[in-house]
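Visitor: Return a 3D structure for these sequence lines:
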Amino acid sequence: MDLKSRLEKIDQLKKNINKITQSQKRESIHIVNQEVKIEEVVSGKFISTPFGESFIRENYFPKDYRCGEVELFQIFQSSAKTISNLARDDRLKEIDINKTVFLDTETTGLAGGAGTYIFLVGVGYFEEDQFCVRQYFMRDYNEERALLSALNELLANFKAVVTYNGKTFDLPLMESRYIMSGMKMSLKDPYHFDLLYPARRLWKRRLENCSLSTVERDILGVIRDDDVPGHLIPEIYFRYLRTKNARAIKQVFEHNLQDIISLVALVSRMCFLLEDPLNNTEYGMDIFSIGKMFDEEREYEQSTHYYTEALKHNLAEEEVLEILRLASFAYKRQGKWKEAEEMWKEIIKRSREFIYYPYEELAKYYEHHLKDYQKAETVVKEALNIEENIFLREKLQYRLNRIKCKLLCQAQKLS
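Guide: Numbers count the residues shown, from 1 in each chain. Below is the predicted model of the structure:
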């Protein structure tokens with residue numbers, strides 16, 4: 001084949017490819033613009049309300065259903081006291097899982113505000129030997145009151161709610177939408193367990209962030225296939241409103257469904273970890289986080305126990321120094337001065353840079369508790385030889401002068 005013929009063949013091939021591409025584009029546009037009703041892509045039903053029909057989908061999960069590495073029904077092994085401790089809310093000591101809803105919303109905006117609508121609400125609850133997830137969908141803005149009315153009928157049966165960031169987003173937005181619709185939300189002043197806050201306390205030092213998707217993946221072992229990212233969901237709904245093509249909305253239902261199931265598993269996982277950290281995690285930083293939680297609750301004996309256990313793991317040097325710091329002060333608050341002294345000495349030994357506070361704490365311990373002014377003087381002089389900050393040097397010099405006076409008085413008494 002000569003060069004001319006080859007060029008003509010290549011040119012014809014390009015034209016054929018362009019025809020196929022244009023045909024695919026026209027077909028894609030036709031599919032996007034084709035009206036597809038929600039009931040054609042999502043298995044559900046319409047229920048009547050005083051404000052019209054509301055579309056709902058229901059899914060039921062058996063007792064042995066697993067979310068990642070956790071069975072849903074394991075949540076009944078979690079004590080109300082543990083949940084209360086995780087939430088830092090004494091009211092949750094009265095929580096009854098059978099009277100608790102697991103709630104997540106999908107909205108037209110992630111920032112909230114008066115112009116933000118809730119177009120999908122997922123509500124999960126235990127019903128005898130199964131877990132039910134009911135999802136309420138708003139096909140258009142004029143169905144908002146129907147959705148809220150249908151949702152209200154269900155929520156009236158429950159006393160507690162579990163969410164992820166629901167305190168600052170989901171519940172305030174729901175309350176706002178009920179008010180703007182001239183209605184009252186039946187879920188009044190519920191016991192609220194927002195999992196975001198304990199998730200941060202438990203895992204922020206180990207995970208890249210504490211978004212639900214990250215916690216699901218790294219803590220529960222949940223892998224979402226073909227999941228729609230949360231930040232794209234408002235745009236998917238707006239496109240649906242324009243085209244009335246509900247195909248992409250099915251992904252939003254699945255995203256919301258997984259969120260609900262993960263809330264249940266996450267409660268169990270948190271409770272297991274808090275109740276028996278040493279047998280429920282292999283990560284030293286998780287054990288450290290448990291210790292810090294006890295520390296913040298002023299349960300110092302527990303905190304120092306878990307700090308000590310955390311130090312047995314392979315940790316980064318800055319993590320070790322942080323644990324030693326907190327452990328030293330927890331021992332100090334218990335009056336366990338010998339253990340605190342060991343911590344402060346270890347910090348000085350390990351630190352590559354000068355850290356002021358262990359020298360100060362050792363000096364105070366030797367001066368005020370042991371009355372060993374010689375040791376106190378040695379520590380302060382050592383710090384003065386290293387410290388360059390003028391303000392801290394003045395503090396150290398003032399302490400040294402006082403210690404020298406005490407040494408002098410001590411010597412005079414002995415003579």
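
Visitor: And the helices in the stretch 101-250 of the chain, which stretches?
Guide: Ranges of helices in the stretch 101-250 of the chain, per DSSP state H, counting those that start in this stretch, are 144-155, 171-180, 196-203, 212-215, 233-243, 249-275.

Visitor: Now tabulate these in TSV and tack on mean neighbour count.
Guide: Bear in mind the C-beta positions are built from the backbone N, C-alpha and C, glycine included. Output for those, formatted as TSV (neighbours: other Cβ atoms under 10 Å):
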stretch	mean neighbour count
helix 144-155	21
helix 171-180	17
helix 196-203	20
helix 212-215	19
helix 233-243	16
helix 249-275	22
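
Visitor: Tabulate those helices in CSV, adding columns for mean pLDDT and distance to Y365.
Guide: As requested, the helices of the stretch 101-250 of the chain are exported to CSV (pLDDT from 0 to 100; distance: least, Cβ to Cβ, whole Å):
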stretch, mean pLDDT, distance to Y365
helix 144-155, 98, 57
helix 171-180, 96, 49
helix 196-203, 97, 30
helix 212-215, 95, 41
helix 233-243, 97, 57
helix 249-275, 97, 33
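
Visitor: what's the closest of these to G124?
Guide: Checking those against G124 by Cβ to Cβ gives helix 249-275 as the closest, at 4.1 Å.

Visitor: chain center to that closest one, what's the gap?
Guide: Centroid separation between helix 249-275 and its chain, computed with Cα atoms, centre = their mean, to the nearest Å, is 11 Å.

Visitor: Skip the chain neighbours and tell me the closest residue to E309.
Guide: Closest residue to E309 apart from its sequence neighbours, by Cβ to Cβ, 6 or more residues apart in numbering: I287 at 5.2 Å.

Visitor: Could you give the number of residues near the one you found?
Guide: 25 (other Cβ atoms under 10 Å).

Visitor: Can you name the residues that contact it?
Guide: For I287, the contact set (Cβ atoms under 8 Å, 6 or more residues apart in numbering) comprises 277-278, 281, 306, 309-310, 313.

Visitor: do the same with F76
Guide: I97.

Visitor: which SS state does it fall under?
Guide: What DSSP: H, G, I helix; E, B strand; the rest coil gives for F76 is helix.

Visitor: Got a PyMOL select line for the buried ones in the contacts of I287?
Guide: For the buried members of the contacts of I287, the matching PyMOL selection, counting by 16 or more other Cβ atoms under 10 Å, is:
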select buried, resi 277+281+306+309+310+313
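
Visitor: where along the stretch 301-415 of the chain do the strands fall?
Guide: Using DSSP state E, counting those that start in this stretch, the stretch 301-415 of the chain contains no strands.

Visitor: where does it dip in pLDDT?
Guide: Applying pLDDT under 70 to the stretch 301-415 of the chain picks out residues 415.

Visitor: ranges for the helices of it?
Guide: So, for the stretch 301-415 of the chain - with DSSP H, counting those that start in this stretch - the helices run 317-334, 337-350, 356-364, 373-386, 390-414.

Visitor: Which of those helices sits closest to F51?
Guide: Of all the helices of the stretch 301-415 of the chain, helix 317-334 comes closest under Cβ to Cβ, at 54.9 Å.

Visitor: centre of the chain versus the closest one, how much separation?
Guide: Worked out by Cα atoms, centre = their mean, helix 317-334 lies 25 Å from the chain centre.

Visitor: what's it packed up against?
Guide: When contacts are defined as 3 or more Cβ pairs under 8 Å, 6 or more residues apart in numbering; DSSP states H and E, helix 317-334 packs onto helix 284-296, helix 300-310, helix 337-350, helix 356-364.

Visitor: Good, wrapping up.
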